[in-house]
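> Kindly return the folded structure for what I paste below:
(one chain, ligands or ions: 1)
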Amino acid sequence: MNLKKVLTVAGSDSGAGAGIQADLKTFSAMGVYGLNVLTAVTAQNTASVTGIHVIPPEFVAKQITALFEDMEIAAVKTGMLVNVDIIDAVCEQFIRFKAENIVVDPVMIATSGDHLIDEQVENFVEAIRNRLLPLAFIVTPNIPEAEILTGRKITGIVDMKVAAAELQGLGVPNVVIKGGHLNNEDNLVDLLFDGNEFVEYIGKRVLTQNTHGTGCTFASAVAAGLALGKNIKDVVGDAKRYVSYAMEYSYSIGRSGGPLNHFAGFGRLGDDGE
Ligand code: PXL
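Okay, here's the model as predicted:
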């Protein structure tokens, strides 16, 4: 059977809009088999994160080991990694099992503004830059994350290119910076740098407050595309279109930003987001 297996190493969102839940829905929608390793369980709804229960790093490693010992994994996505000890444990297992097609979503702050790391930011950033990124195939920061990772202010496409080139210099072959947080126009630009050229993906801004889980969904769609053997330029374009469509038909549930409709376009499930 040629079913591709894709692993997410991330946190659980009890509201099921982001984290592991968004990742598994994305994998299912894209026709790959999703595996999941939990780093943390969050108590959260559409409005805020009210608690984080961290999984011990040894147990994160144990989950990864159980999966790689059993099957071939075509791509891996990392999301909420919480602290440096978990980053180290995850890197160690990725090296041990020669994990391929690693997609790093450098999650630090939730859409709601709540912190998802339990660590000094400088130490966390140092571990992502120097230990995780050299193992990765692509990193997918949004503007605030790219600013934290590079220490540079990003106000437009020129700054995005400088930041992307700097991150690529850390040893990750591909960098995509998502431009959604530059809220100056109707159109927004995501930028891919593959070490040779910059590719700009221009999309229409989807006017919705239901953006919970967009970053997780984008990175998971990238991982699924890589697992299916597509080239990186197509993978990024497809992931962007997938997220936009899921936002267009998103669900207005809860009192704040609702979740995406990961199955928009799948017949009745995607009717109207009601
Ligand atoms: O979008 C970042 C993110 C990642 N992981 C978990 C989250 C969120 C945002 O809410 O809850 C578990």
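> Backbone dihedrals for residue 190, please?
Main-chain dihedrals, residue 190, degrees, to the nearest 10: phi -100, psi 140.
> and the gap between it and residue 106?
Distance from residue 190 to residue 106, counting by Cβ to Cβ, to the nearest Å: 15 Å. In this view, the C-beta of every residue, glycine as well, is placed from N, C-alpha and C.
> excluding its backbone neighbours, what's nearest residue 93?
Among residues not flanking residue 93 along the chain, residue 64 sits closest, at 4.2 Å (Cβ to Cβ, 6 or more residues apart in numbering).
> Show the model's pLDDT score for the residue of the stretch 1-150 of the chain found nearest the ligand.
Nearest residue of the stretch 1-150 of the chain to the ligand: residue 19, at 2.8 Å (Cβ to the nearest ligand atom). On the pLDDT scale, residue 19 is placed at 96.
> ok, it touching residue 215?
No - at 10.2 Å, residue 19 does not count as touching residue 215 under the criterion of Cβ atoms under 8 Å.
> Looking at the two, which is more packed in?
residue 19 (29 against 24; other Cβ atoms under 10 Å).
> got the contact list for the helix or strand containing residue 192?
In the assignment (DSSP states H and E), residue 192 maps to strand 187-193. Strand 187-193 is contacted from outside by 157, 160-161, 164-165, 168, 174-180, 182, 198-205, 232-233, 236, 240, using Cβ atoms under 8 Å, 6 or more residues apart in numbering.
> Just the ones of those in strands?
If you go by DSSP state E, the contacts of strand 187-193 have 174, 175, 176, 177, 198, 199, 200, 201, 202, 203, 204 in strands.
> ok so, going back, quick check: closest non-adjacent residue to the residue of the stretch 1-150 of the chain closest to the ligand.
residue 13 (3.8 Å).
> Can you give me the neighbour number for that neighbour?
27.
> So it versus residue 137, what's the distance?
Distance of residue 13 to residue 137, given as Cβ to Cβ: 25 Å.
> Residue 235 now?
If you go by Cβ to Cβ, the gap between residue 235 and residue 137 works out to 10 Å.
> contacting residues around residue 13?
19, 20, 21, 22, 42, 44, 213.
> Out of the residues you listed, which is nearest to residue 3?
The closest of the contacts of residue 13 to residue 3 turns out to be residue 20 (Cβ to Cβ; 19.7 Å).
> Does that closest one lie in a helix or a strand, and which?
Short version: residue 20 belongs to helix 19-29, going by DSSP H and E.
> Please point out which parts of the helix or strand following that helix sit buried.
Toward the C-terminus, helix 19-29 is succeeded by strand 33-44 as the next helix or strand (DSSP H and E). Within strand 33-44, the residues that count as buried by 16 or more other Cβ atoms under 10 Å are 33, 34, 35, 36, 37, 38, 39, 40, 41, 42, 44.
> Then stretch 78-97?
In terms of neighbour count (16+ other Cβ under 10 Å), stretch 78-97 has its buried residues at 78-91, 93-94.
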